[in-house]
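next input, structure requested:
(2 chains, ligands or ions: 1)
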2 protein chains.
Amino acid sequence: ALPSAPDSRLARQLAFILEIDKLKSVLRRSVLADGSRQENDAEHSWHLAMMAIVLGEYADEEVDTGRVLRMLLVHDLVEIYAGDTFLYDPAEAAEQEARERAAADQLFPRLPRDQAVQLRSLWEEFEARRTPDARFARALDRVQPLILNYATGGGSWQTHGVRAEDVLAHQRVISEGSHALWEYVSQLVGDAVRRGYLAA
Amino acid sequence: ALPSAPDSRLARQLAFILEIDKLKSVLRRSVLADGSRQENDAEHSWHLAMMAIVLGEYADEEVDTGRVLRMLLVHDLVEIYAGDTFLYDPAEAAEQEARERAAADQLFPRLPRDQAVQLRSLWEEFEARRTPDARFARALDRVQPLILNYATGGGSWQTHGVRAEDVLAHQRVISEGSHALWEYVSQLVGDAVRRGYLAA
Ligand SMILES: [Ca+2]
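Reported below is the predicted structural model:
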């Protein structure tokens, strides 16, 4: 714990900042581009935010980059308590929603009430995929592991026996946010099959 | 390398996104709050961005949170080639500027020209500390390792023999961005000395 702040609002905020340090220890299935180790959720979130800065022009609808950044920075926080869910495992995915809601109930109220409401609603918006900002943010969240898997010659596709049709079915979400990125991903998947990184 | 994009602008942007994956392997002196391992620059950058979202109200001047976020996400990219510099080592700090400029020359031109200029100028702004956004971003960059050091009962202060007067002298930068955070940090340092986390 940190020393208590004179102001109890600041104390709550700093305790939250310290608590979310745990996101750095939530491991994902993807490995880094150099294959050295698994990626964690905190560095993944940073990478997505950089993608929002660099690839913003490919959003199909008009987006507010500042909001997309905030959404991406916050979107995986619930995994501190809920853990990472592997997209291609139907059993895990089925109970994911309930587990993540419980985690959100546990995490966000640590903040002062106004901020708890703001951050939770950004997370809900990301999950619901009903706004242009959320659709673009979700597209980036799906593109990033494909790039890492390709760069490592198969990565988590190989370790978990994922096939091209699974990738294309699950990653259709990308086309809701960016046609240009979806087109690129379709090509990347075809190329990955030809090179033997991904099973046809 | 990634499969070539039909559009060479997109190809450059994706190659940049892949290149900066290396930030996840640049280790800092700070350890995580649970003491398990050293922190890397990518997760550090994410943590700072979260601090900008949660602690924005403590900036002394009016700041544009979206710009502060972009600045923090980008500020350590040059360390991919220049490495992390330890603040309390005068020899390292002296040659840091030249090394980081060379790294910036190597990194940013990988992007399309308009974006190379934008990102480099955000980094220059952060370094120069002449705007409210940069002063606040720099303050957060200094507060974060203090929190981790305190949480781990001394962390990199102990490993590197740093004393309270060094911390207060080097961290004065915080007071240029936020008096509230500077006041909190002064108290944290006093408390750290009393608990034996930091040498007087
Ligand atoms: Ca930094």
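
paired strands for the lengthiest strand in chain A, with orientation please.
If you go by DSSP state E, chain A has its longest strand at strand A:27-31. Next to strand A:27-31 in the sheet, as set by DSSP bridges, lie strand A:38-40 (antiparallel).

any idea which helix or strand comes after the partner strand?
Next helix or strand after strand A:38-40 toward the C-terminus (DSSP states H and E): helix A:41-55.

next, the angle from that following helix to helix B:41-55.
Interaxial angle of helix A:41-55 relative to helix B:41-55 (axes from the mean of the first three to the mean of the last three C-alpha atoms, to 10 degrees): 80 degrees.

the very next helix or strand once past helix A:41-55 vs helix A:41-55, what angle?
Per DSSP H and E, helix A:41-55 leads on to helix A:65-74 as the next helix or strand towards the C-terminus. Using the same axes, to 10 degrees, the inter-axis angle of helix A:65-74 relative to helix A:41-55 is 160 degrees.

circling back to that earlier point, who touches the longest strand of chain A?
Strand A:27-31 has contacts (C-beta atoms under 8 Å, 6 or more residues apart in numbering or on different chains) with A:37-41, A:44, A:84, A:86, A:144-145, A:148-149, A:152, A:155-156, A:159-160. Just so you know, the C-beta spots here come from the backbone N, C-alpha and C atoms, and that holds for glycine as well.

for the residue of chain A found nearest the ion, list the residues it contacts.
Residue of chain A nearest the ion, by C-beta to the ion: residue A:46 (12.1 Å). Going by C-beta under 8 Å, 6+ apart, residue A:46 touches B:23, B:42-43, B:45-46, B:49, B:73.

can you pick the most crowded of these?
Counting neighbours by other C-beta atoms under 10 Å in any protein chain shown, residue B:42 leads the contacts of residue A:46 with 30 neighbours.

then stretch A:52-70 to PDB, C-alphas only?
What follows is stretch A:52-70, C-alpha atoms only, in PDB (Å, rounded to 0.1, in the frame of the first residue of the first chain):
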ATOM      1  CA  ALA A  52      -4.900   3.800 -33.100                       C
ATOM      2  CA  ILE A  53      -2.400   6.700 -33.500                       C
ATOM      3  CA  VAL A  54      -0.800   5.300 -36.700                       C
ATOM      4  CA  LEU A  55      -3.700   3.600 -38.400                       C
ATOM      5  CA  GLY A  56      -6.600   6.000 -37.500                       C
ATOM      6  CA  GLU A  57      -7.000   7.000 -41.200                       C
ATOM      7  CA  TYR A  58      -8.300   3.500 -42.000                       C
ATOM      8  CA  ALA A  59     -11.400   3.700 -39.800                       C
ATOM      9  CA  ASP A  60     -14.500   3.400 -42.000                       C
ATOM     10  CA  GLU A  61     -16.500   5.800 -39.900                       C
ATOM     11  CA  GLU A  62     -15.300   9.000 -38.400                       C
ATOM     12  CA  VAL A  63     -13.700   8.300 -35.000                       C
ATOM     13  CA  ASP A  64     -12.500  10.400 -32.100                       C
ATOM     14  CA  THR A  65      -8.900   9.200 -31.600                       C
ATOM     15  CA  GLY A  66      -8.700  10.400 -28.000                       C
ATOM     16  CA  ARG A  67     -11.700   8.300 -27.100                       C
ATOM     17  CA  VAL A  68     -10.400   5.300 -29.100                       C
ATOM     18  CA  LEU A  69      -7.100   5.600 -27.100                       C
ATOM     19  CA  ARG A  70      -8.900   5.700 -23.800                       C
END
